[in-house]
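Asker: Quick one: sequence plus predicted model below, questions after.
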Amino acid sequence: AKQNGRRCAALFETSMHEAVQERRNIEVDLRAALKRNELELFYQPLVSIETSEIIGYEALLRWNHSEKGMIMPDVFIPVAEDTGLIVQLGEWVVRSALHEVANWPEHLTVAVNLSPAQMRSPNLMPTIINALAATGIAPQRLELEITESVLMNDNQSNVELLHKIRSLGVRIALDDFGTGYSSLNYLRSFPFDKIKIDRCFVDGVDSREDCRAIIRAVTGLATSLGMVTTAEGVERSDQLSQLKLEGCIQVQGYLFSKAMPAASVVGRIAPTVER
Ligand code: C2E
Ligand code: CA
Ligand code: CA
Ligand code: CA
């Protein structure tokens, strides 16, 4: 058993070493990727439960690696966050998404994800203001998605920054609601426009009473605070009917569409609009 333990320790060290090496590779590659235009935004529709119409799209980052193929954000966003590269990357995302929206009908919105590190960058406000000005997009069409971690520890400077952004007319959504150390205090310390209910609750809404109860409570709370609710990760029509019953406003998920390249978004809306 002792020998076995030693072998496991050695294996563990090897895999730790490999993991560290892999992160370093990603970091080096990611710096190059920004220069080589290997990053691309995909778009996933947000749908109104009441009308079944598309309201807008969430921009989701993809990396077309020259050798490894398509890399998903869960792999490289954490590395980008640790290395500070996320600031540059996030600025690119804001600019690209707004330039893309310029090709869409005016009623469609775009949601962009913000990392906590971006909130600490003095460039964030200027990036948003400049990109809005350069594209002429109405600020109301831009929605920024942040997670609870941004508001933790009574982070007063982040709350102030969010107020400044919101005073431009840009909307703010609270992403992944229910997955962090959720505190109702967050809903008091900042007036969100929207709460996005995490997929882990949505998943059981058609089969489990506890998930249903949570969704019912969150939508009730959001509605009475004047906030919209979006259910994330809707995959089945049974979930959709239950979400409708619970008073949820918007839905997003594979039931409607996966995230798709910008060209598919434009292709989808082209026949119905004058372009
Ligand atoms: P998120 O913001 O919670 O985005 C939703 C994720 O759920 C997306 O994964 C989306 O493709 C996936 N999804 C949507 N509908 C369904 C469904 O019905 N079933 C299932 N199983 N999954 C669904 P994706 O694109 O891999 O993104 C993962 C995470 O990476 C995002 O989670 C977000 O936290 C982060 N991310 C993506 N793009 C950006 C970005 O531009 N900036 C930052 N800071 N983070 C980003
Ligand atoms: Ca999001
Ligand atoms: Ca989410
Ligand atoms: Ca997430």
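Answerer: Yep, it's here. Ligands and ions are numbered 1, 2, ... in the order given.
Asker: Give the burial count for Pro73, as a bare number.
Answerer: Using other Cβ atoms under 10 Å, Pro73 has 14 other residues around it. For the C-beta atoms, the positions are set from N, CA and C on the backbone; glycine is no exception.
Asker: Alongside ligand 1, which residues does the chain contribute?
Answerer: Counting by Cβ under 6 Å from any ligand atom, the chain comes close to ligand 1 at 44, 60-61, 72-74, 77, 90, 93, 113-115, 175-176, 233-235, 252-254, 259.
Asker: Buried only: go through these for me.
Answerer: By neighbour count, with 16 or more other Cβ atoms under 10 Å, these hold 44, 60-61, 77, 90, 93, 113-115, 175-176, 233-234, 252-253, 259 as buried.
Asker: Next, give me the two most distant ones among those.
Answerer: The most widely separated members of those are Gly90 and Val234, with 26.8 Å between them, by Cβ to Cβ.
Asker: so what pLDDT did the spatially most central residue of the chain get?
Answerer: Nearest residue to the geometric centre of the chain (Cα atoms, centre = their mean): Asn113, 3.9 Å. In this model, Asn113 is scored at 98, pLDDT.
Asker: what do you get for Ile249?
Answerer: 97.
Asker: and what of Gly90?
Answerer: The model reports Gly90 with a pLDDT of 96.
Asker: part of a helix, is it?
Answerer: Yes: looking at Gly90 with DSSP: H, G, I helix; E, B strand; the rest coil, it is inside a helix.
Asker: Could you pull out the strands in the stretch 101-250 of the chain for me?
Answerer: 109-113, 142-146, 171-177, 194-197, 228-231, 250-251 (DSSP state E, counting those that start in this stretch).
Asker: What ranges does the stretch 101-250 of the chain have for its helices?
Answerer: 116-119, 124-135, 156-167, 184-189, 199-202, 209-224, 237-245 (DSSP state H, counting those that start in this stretch).
Asker: mind exporting the first one as PDB, just the C-alpha atoms?
Answerer: Going back to what we said before, that points to helix 116-119. Output of helix 116-119 as PDB, limited to C-alpha atoms (Å, rounded to 0.1, in the frame of the first residue of the first chain):
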ATOM      1  CA  PRO A 116     -14.300  40.800 -12.300                       C
ATOM      2  CA  ALA A 117     -10.800  41.800 -13.400                       C
ATOM      3  CA  GLN A 118     -12.300  44.000 -16.100                       C
ATOM      4  CA  MET A 119     -14.100  45.900 -13.400                       C
END
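Asker: gap between whichever residue of the stretch 1-150 of the chain sits closest to ligand 3 and Cys211?
Answerer: Going by Cβ to the ion, ligand 3 is nearest to Glu145 of the stretch 1-150 of the chain, at 7.0 Å. Separation of Glu145 from Cys211 (Cβ to Cβ, to the nearest Å): 22 Å.
Asker: Same check on Gln250?
Answerer: Applying Cβ to Cβ to Gln250 and Cys211 gives a distance of 18 Å.
Asker: about what we covered before: could you export the helices of the stretch 101-250 of the chain as CSV, including mean neighbour count and mean pLDDT?
Answerer: As requested, the helices of the stretch 101-250 of the chain are exported to CSV (neighbours: other Cβ atoms under 10 Å; pLDDT from 0 to 100):
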stretch, mean neighbour count, mean pLDDT
helix 116-119, 19, 92
helix 124-135, 16, 98
helix 156-167, 15, 93
helix 184-189, 14, 81
helix 199-202, 20, 95
helix 209-224, 16, 94
helix 237-245, 17, 97
